[in-house]
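Provided below for reference: sequence and predicted model.
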Amino acid sequence: MDASNPIVFYDIASAPPVRPFAPNPRKTRYALNFKRVHYRTEWVDLPDVASVRKKIGAAPVRTHDRDGRPFYTLPIIHDPSTGAIVGDSFDIACYLDKTYPGGPPLFPPSTTAVQAAFNKYVDNFFNPFVILCVHGMPLNPATAEVSRADFCWRAGKERWDELTVVGKERASVLEKLNAALGGELAKWYSYSDGPFMEGENPLYADFVVGGWLAFMSVTLPAKEWDDIQTWQDGLWGRLHRTLQERYAEVK
């Protein structure tokens, strides 16, 4: 790959100063850095995602649960070296492995289908706990009201205040998250000495879990995130810190 003609990676912009926070683009950022490909980030404000996606010709890969309309999301990559436009985090990872096989593999032989199933499992695993994070998202103040209204519509809620939990209800959700993380997910990580699922070297599966952990690290109150990092004998804190140290660079 020509360093002067890098992959363009479209990520969701936070409030200034801009930083990554959304889970699916974070999976792609980890993958891009892991593969050691040249790329640059194009930041997109949340209300602009649909128009940007349409402009660059990236077909939607999801639909809204409420009415089946196209749901325009990020990440997207545009690879000017090949002309490829890929608009789904898992598909991007597959594209990177196929197009740039010289780097370390995200999908060792015969693991792609298994990791595809794992990707779906992990997203479904964390989705019920997003209610803990919604109010902590670092939305751009200039467009926050538009973004909040969109989140409310998607969730079928009238008011932004309905998209959170507080007090005893919040404590109960956190307890359920702790119990859930301590189940099958922690068991799968227990088969190696870590910090990754298969030991010292990550799979794309680790970036899937890591994307959600990174989202929580940004959106949860500091005390709650500190507690999560200690759960299951510090498993999630070690995984998150290692991913951040090795693969979180913003280019």
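Ah, there it is.

How much space separates residue 250 from residue 216?
Shown here: residue 250 relative to residue 216, a distance of 19 Å by CB to CB, to the nearest Å. C-beta coordinates here come from the backbone N, C-alpha and C atoms, glycine included.

Where do the helices of the stretch 101-250 of the chain begin and end?
Along the stretch 101-250 of the chain, the stretches classed as helices by DSSP state H, counting those that start in this stretch are 112-126, 144-155, 167-180, 186-189, 204-219, 222-247.

quick one, the longest one and helix 167-180 angle?
Meaning helix 222-247. With axes from the mean of the first three to the mean of the last three CA atoms, to 10 degrees as the basis, helix 222-247 and helix 167-180 are set at 40 degrees to each other.

what's helix 222-247 packed up against?
Other helices and strands packing on helix 222-247, by 3 or more CB pairs under 8 Å, 6 or more residues apart in numbering; DSSP states H and E, are helix 23-35, helix 167-180, helix 186-189, helix 204-219.

Can I get the ones you listed in JSON lines including mean neighbour count, mean pLDDT and distance to residue 134?
Shown next, in JSON lines, are the helices and strands packed on helix 222-247 (neighbours: other CB atoms under 10 Å; pLDDT from 0 to 100; distance: least, CB to CB, whole Å):
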{"stretch": "helix 23-35", "mean neighbour count": "25", "mean pLDDT": "98", "distance to residue 134": "13"}
{"stretch": "helix 167-180", "mean neighbour count": "13", "mean pLDDT": "98", "distance to residue 134": "12"}
{"stretch": "helix 186-189", "mean neighbour count": "15", "mean pLDDT": "97", "distance to residue 134": "25"}
{"stretch": "helix 204-219", "mean neighbour count": "24", "mean pLDDT": "98", "distance to residue 134": "8"}
